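Engineer: return a 3D structure for these sequence lines:
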Amino acid sequence: MSAADKINDLYWLHYAQQVKKKANANFTKDGDYVFFVASEATKGPPAGKFVPAEYTNAGLYPLANSLLASDEFFYPPSSLRGYIQALQTYLNYVDLQKGASSELYTALLDALDHQAGADAVVEREQDKAFARWKKELDRGIIADNMTFPQWVAKGHAPTYSNALEDQQAKNGVVVNIQGLIDGPMAALLNQSRTAISTGLNTETDVDGFNMKAAIGSPLSSEQILLKRQKGETIPTPPFQRLPLYQADGYETFVKDAETKIGTKYEPRDSFELNIDTSLNRNSFDFSQFQGSAGASISIGPWFAVGADASHTEEKTRIETGSDVQSVKVKVTFDSIQQIKINSGRWDVDLSNYKLRGDAPKQLKSMAKITALVVASALGYEITVSDTIAQTIDTKLKETTQASGFVSIFGIPIHLGPSGSSTKESNSHTATFDSATNTFSVVPRFETGYATVIGIIGEKFKPKEE
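Structural biologist: This next block holds a predicted model:
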């Protein structure tokens, strides 16, 4: 690892350690829980008395359904592949605790091998189809309220649709063979499969199993706020049914954050990052970095710019040098809290099951989300030396001219050619004061209600005997 990479690591690790502390996530790296950092911090979904639940659910689902791996530092929110989908794969590799005939055992191994191949094809074709859908959406070829599932259903991705059908067929073969093997775990396994299928039901409401979530182009936070200020009713949006997740404490958190709308930024709390260059990844309370495997975990730039605001994953690190004493980073906020996540009755207690010895490695490192870590009124102040200030000033001017973005600890801020960063999609605005060499990021109180900056997961503990 280069010296610059180590410095970048230390900024992220010091930041994550402080966030973990402020959120009262007081577990050690030797325990059952894992703290994950948001590689790209996201605006929390709108919530409150006047906001239809469909809006909150649409934003909650990709966060709560994150497919966590206990050997990763960042978490990947995704509405495509997630926890409940992984449960189905997990059950395919359950040890039924009964000796099967050699013919059935061989058939099961072949079926699992074919299932794995079908899963890989679906993942590959899904990525391709999603990229085409997004391109057509960005270019205005399709209506801006056409969701990815709707686009697929209209026949725009035949290869992906065929792959899904093949995956379903091969999964059916695995289920049928498991049924023939039977064994003492068969009845419980069937109950688990039924529960998951009920959670994935998109046709009817099933209390405790699924929920309605807004689709298309639901109102933005700003639009909801404007309607509320005018005394207008927030309309119930078109919806789809998704597996149920609940975050009961989130609405209370939002209500407190809403009191700051339209006010001057005066954060209640803060912490500074005092970078200790004698430390390394193993010095911090993150279980992901235990052992030799931790050295291979990739950590992206903590401070970066990108030329294409529509692809915030493509960014270039701003180097702040090895003299960490010449860089002062202050994180400001009103509150950082854990918001407990409860899954619906579709969830499966995997501690009841023992995995087969040939189960894929990634199934053994899965973690289940137990809480979001959210911040209100989150901001940053980065004060640097004159030399670094010149670099930052040049980078920001180039990025602004290109209508790109700047990213601070995963928060992307789009910059326009006029030098402003007030695009509606921004949760924050950024300014650079050349007189004090201070780069400041402050929240837009008229946009969004909270910032999701981390996730807490519980490691899976498969049955040992």
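Engineer: use CA for all of it now, contacts and neighbours both
Structural biologist: Will do.
Engineer: show me the contacts for the nearest residue to Asp276 once chain neighbours are set aside.
Structural biologist: Using C-alpha to C-alpha, 6 or more residues apart in numbering and skipping the chain neighbours, the partner closest in space to Asp276 is Leu10 (7.7 Å). By C-alpha atoms under 8 Å, 6 or more residues apart in numbering, the contact list for Leu10 reads 275-277, 279-281.
Engineer: please apply the same query to Lys49.
Structural biologist: Lys49 makes contact with no residue, according to C-alpha under 8 Å, 6+ apart.
Engineer: three-state assignment of it?
Structural biologist: Secondary structure, DSSP: H, G, I helix; E, B strand; the rest coil: Lys49 is coil.
Engineer: equivalent analysis for Asp30, please.
Structural biologist: Once three-state DSSP is applied, Asp30 turns out coil.
Engineer: same check, this time on the one 10 residues further on
Structural biologist: Secondary structure assignment for Glu40 (three-state DSSP): strand.
Engineer: one step back: and the contacts of Leu10, which of them are buried?
Structural biologist: 275, 281 (16 or more other C-alpha atoms under 10 Å).
Engineer: just send the contacts of Leu10 back as a markdown table, with secondary structure and distance to Glu125 too.
Structural biologist: Shown next, in a markdown table, are those (DSSP: H, G, I helix; E, B strand; the rest coil; distance: C-alpha to C-alpha, whole Å):
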| residue | secondary structure | distance to Glu125 |
| --- | --- | --- |
| Ile275 | coil | 43 |
| Asp276 | coil | 45 |
| Thr277 | coil | 44 |
| Leu279 | coil | 42 |
| Asn280 | coil | 39 |
| Arg281 | helix | 36 |
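Engineer: mind listing what's buried in the longest helix seen in the chain?
Structural biologist: Ranked by residue count and defined by DSSP state H, the top helix of the chain is helix 102-138. Neighbour-count burial for helix 102-138, counted by 16+ other C-alpha under 10 Å, picks out 108, 111-112, 114-116, 118-119, 121-123, 125-126, 129-130, 133, 137.
Engineer: still on that earlier bit, assumed the residue nearest to Asp276 was part of a strand.
Structural biologist: No. Leu10 is assigned helix when assessed by three-state DSSP, not a strand.
Engineer: quick check: closest non-adjacent residue to Ala86.
Structural biologist: In this structure, Ala86 finds its nearest non-sequential neighbour in Leu67, 7.5 Å apart by C-alpha to C-alpha, 6+ apart.
Engineer: hmm, back to that, distance from the longest helix of the chain to the middle of the chain?
Structural biologist: Centroid separation between helix 102-138 and its chain, computed with C-alpha atoms, centre = their mean, to the nearest Å, is 22 Å.
Engineer: average pLDDT across it?
Structural biologist: Across helix 102-138, the average pLDDT comes to 83.
Engineer: then whichever helix or strand comes after that helix to PDB, C-alphas only?
Structural biologist: For helix 102-138, the following helix or strand on the C-terminal side (DSSP states H and E) is helix 148-153. Only the C-alpha atoms of helix 148-153 are listed here, as PDB (Å, rounded to 0.1, in the frame of the first residue of the first chain):
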ATOM      1  CA  PHE A 148     -37.000  -0.800 -14.500                       C
ATOM      2  CA  PRO A 149     -39.400  -3.700 -13.800                       C
ATOM      3  CA  GLN A 150     -42.100  -2.000 -16.000                       C
ATOM      4  CA  TRP A 151     -39.500  -1.600 -18.800                       C
ATOM      5  CA  VAL A 152     -38.600  -5.300 -18.600                       C
ATOM      6  CA  ALA A 153     -42.200  -6.300 -18.500                       C
END
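Engineer: show me what helix 148-153 is packed against.
Structural biologist: Under the contact criterion of 3 or more C-alpha pairs under 8 Å, 6 or more residues apart in numbering; DSSP states H and E, helix 148-153 touches helix 102-138.
Engineer: packing partners of the helix it packs on?
Structural biologist: By 3+ C-alpha pairs under 8 Å, 6+ apart, helix 102-138 packs against helix 148-153, helix 158-181.
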